[in-house]
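> Give me a 3D structure for the following:
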Amino acid sequence: MLRGIRTASENWLGRIVMAVVMFLLAGVFGLWGINDIFTGFGRSTLAKIGNTEIAIDRFQQTFRDRLNQFSKDLGKPITTQEAGMLGLDRQVLGEMIAQAGMDQQARNMGLGISDAEIAHRLTSDPNLQTINGQFDRNKFEQVLRNMGTNEQRFIVDMRQTMLRRQLLDGLTGDLTAPKAWLEVINKFQNETRDVGYVVLGPAQAGDIPQPTDEQLGKYFDDRKIMFRAPEYRKIDIVVVTPAELAKWIEVSDDDVKAAYEKQKSRFTTPEKRHIQRIVFPNMADAQAAADRIKSGTSFGAIATERGLKEQDTDLGTVAKTSIIDPAEAQAAFALKDGEVSAPVQGRFGVVLVTVLKTEPAATKPFAEVSGQLRNEIALERAKTQVQDLHDKIEDDRAGGATLEQAAEKLKLPVVSVNVDRSGRDPEGKPVVNVPRASDVVNAAYASDVGVDNDPIDADNGYIWYSVADIAKAHERTLEEVKALVAQRWRDDEIASRLKAKADDMLGKLKSGEAFDAVAAANKLKLETATDLKRGGTSGAITPRMTETIFQTAKDAYGDAAGDVPTQRVIFRVTAIKTPALDANSPGAKATAQTVQRQMADDLVGQYMAWLENYLGTNINGAALAQAIGNSNNGPLGQN
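Take a look at the predicted model:
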């Protein structure tokens, strides 16, 4: 319990209730709304639910804590304006109102937690106990210091948390997933189908003559939007990450050799031995067994006499450091293969050990690892340069230099790409030479020419970008895209002929002709696919085709287009198999838990909406805006 409280308390009271509950509550007020009514508030009050007021200064502290944590998680400072755009202020206030509402409802219902129960929960928490299971006061005080609170405040928060949990457990504690619901999910996830099918392709469409200019012209005019040029943006990119800088850092052979000698243990596999042992209750029994082994009795025979199985005696092939008992390890690694040790007094009893086989230590040669070491050294050196280069680029840009000028001054390469919004160049190829390409493209399409953009944090470094040019989306002429139009025309013609052929074959099949006979008459091979699942593939069957197969009844025929217009299949569903629901299987249990969480989420959401209306909730929107500030310069309190 304490672990959860400690984690939640990192952001003070705003996150003191379980993370999952607070996630729900954060959305409740956004979903159902909070009345923007300002009546009956004191000057220091931001919101009110029932007769509980939320003070502005308390909200500010909670919001500041959350903003600091959010900035820490993202790895860069977040301004209050940015937090407001993300809805962080409403989320924090929604949580505080929800908590206050639950606290008041708990009081209204007469719920309580005795001091004895609080003490029991506290002293029985394993995180606050000694190795002997006793409450450790020193650990408790250390936790309080880490949380930045005192014992009195901690106990109050703990009591509130337990009461809120008691209230919500009363709503969701006995929820069980309905069997009918689980059976529907089981059928959807695990139903499989078998099909027989034939594949139609370009060969079945026959010879298609080249289109005339009139045909191409009409096809193009009817589909101009398909051939419209999208907007393209030329983006200049400068990447300063350890991985990128390491490409340009030279590492001498001497440095690599020195690193190899220093880190040789990294590339050394220690000696390993296949070891067996027998544990005896006392030294006398062990010595008697050792004497018998010297007289010719085998080690395995002794183990068998003592009722031991192989798994009881075999330690496997292990390194010396992997053996817990030092005395046992020392004895085993002093033996030759096949030898049996004298009795050894170990931590867990007296043992005899034997070595079946020894694998000697081995070290990878320098030539084998030199490339790896060279890259590691370059990467480590690059890490020390990242922040320095960041500061120099930002200083130059602040002084009026463009990104390209700043990069040229520092001899950093500038990569220019010309891409559409999906990140593809005019030839339709995706960007491959830029890390985090999708993030860069999305950011560039939210910017404009001449705008100085903040760098993107990426891979322990930074990526700068600037929009150099924008080519607006525009209509293309037929001459510009004639080859593409001709290919699309041909593909559509093939698709049309395949659909007509499929319709003809389906007509014969539905009239009673055998599938294999129809396939043979059309020189097609009848194939099978078994145990198909929704979204699955098998042979020529694609997920798109599978979707149609699962909409077709058993023994019925159907046809489905492929992922390309020049492919089509005709199929017959030969079997539908739905395994019975095994409620005790790991998958079924996981599904049941998911359904229970969804039910609990819905129930808590409805309850919180009811509680808001029942107690009466008001918020002063103007005070909220004032409380978080309107500055772009930094977090709360820096306006």
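> So for the residue nearest to residue 402 when sequence neighbours are not counted, what pLDDT did the model give?
Nearest-residue entry for residue 402: residue 466, 7.2 Å, with adjacent residues in sequence omitted and distances by Cβ to Cβ, 6 or more residues apart in numbering. Where you see a C-beta, it was placed from the backbone N, CA and C, and this is true even at glycine. On pLDDT, residue 466 comes in at 96.
> Residue 466 - that's part of a helix, no?
No: counting by DSSP: H, G, I helix; E, B strand; the rest coil, residue 466 is located in no helix; its state is strand.
> Could you tell me how far it is located from residue 163?
Applying Cβ to Cβ, to the nearest Å, the value for residue 466 to residue 163 is 55 Å.
> residues near the closest residue to residue 448 other than its chain neighbours, how many?
Nearest-residue entry for residue 448: residue 467, 6.0 Å, with adjacent residues in sequence omitted and distances by Cβ to Cβ, 6+ apart. Neighbour count of residue 467, defined by other Cβ atoms under 10 Å: 19.
> distance of residue 467 from residue 394?
Noted for residue 467: a distance of 19 Å to residue 394, by Cβ to Cβ.
> Can you read off the pLDDT for the closest residue to residue 472 other than its chain neighbours?
For residue 472, ignoring the flanking residues on the chain, the nearest one in space by Cβ to Cβ, 6+ apart is residue 231 at 5.7 Å. You'll see residue 231 listed with a pLDDT of 96.
> cool, and residue 234?
96.
> ok so it is a helix residue?
No: using three-state DSSP, the assignment for residue 234 is strand, not a helix.
> bridging residues for it?
Assessed by DSSP bridges, residue 234 has beta-bridge partners residue 418, residue 469.
> Can you name the residues that contact it?
416, 417, 418, 467, 468, 469, 470, 471 (Cβ atoms under 8 Å, 6 or more residues apart in numbering).
> On the three-state scheme, residue 486 is what?
Residue 486 - assigned by three-state DSSP - is helix.
> The residue nearest to residue 472: how many residues sit nearby?
By the criterion of other Cβ under 10 Å, residue 231 has 13 neighbours.
> any idea how far it lies from residue 426?
Applying Cβ to Cβ, the value for residue 231 to residue 426 is 12 Å.
> So for residue 466 and residue 163, which sits in the more crowded spot?
Higher neighbour count among residue 466 and residue 163: residue 466, with 22 against 19, using other Cβ under 10 Å.
> My guess is that one contacts residue 403. True?
Yes: counting by Cβ atoms under 8 Å, residue 403 is a contact partner of residue 466 at 4.6 Å.
> where exactly do the strands run in the stretch 51-200 of the chain?
Along the stretch 51-200 of the chain, counting by DSSP state E, counting those that start in this stretch, strands occupy 52-55, 192-200.
> any common contacting residues for residue 466 and residue 403?
Joint contacts of residue 466 and residue 403 (Cβ under 8 Å, 6+ apart) are residue 236.
> Then residue 599 would be within a helix, right?
Yes: looking at residue 599 with three-state DSSP, it is inside a helix.
> and it, what does it touch?
Residue 599 is in contact with 172, 175, 177, counting by Cβ under 8 Å, 6+ apart.
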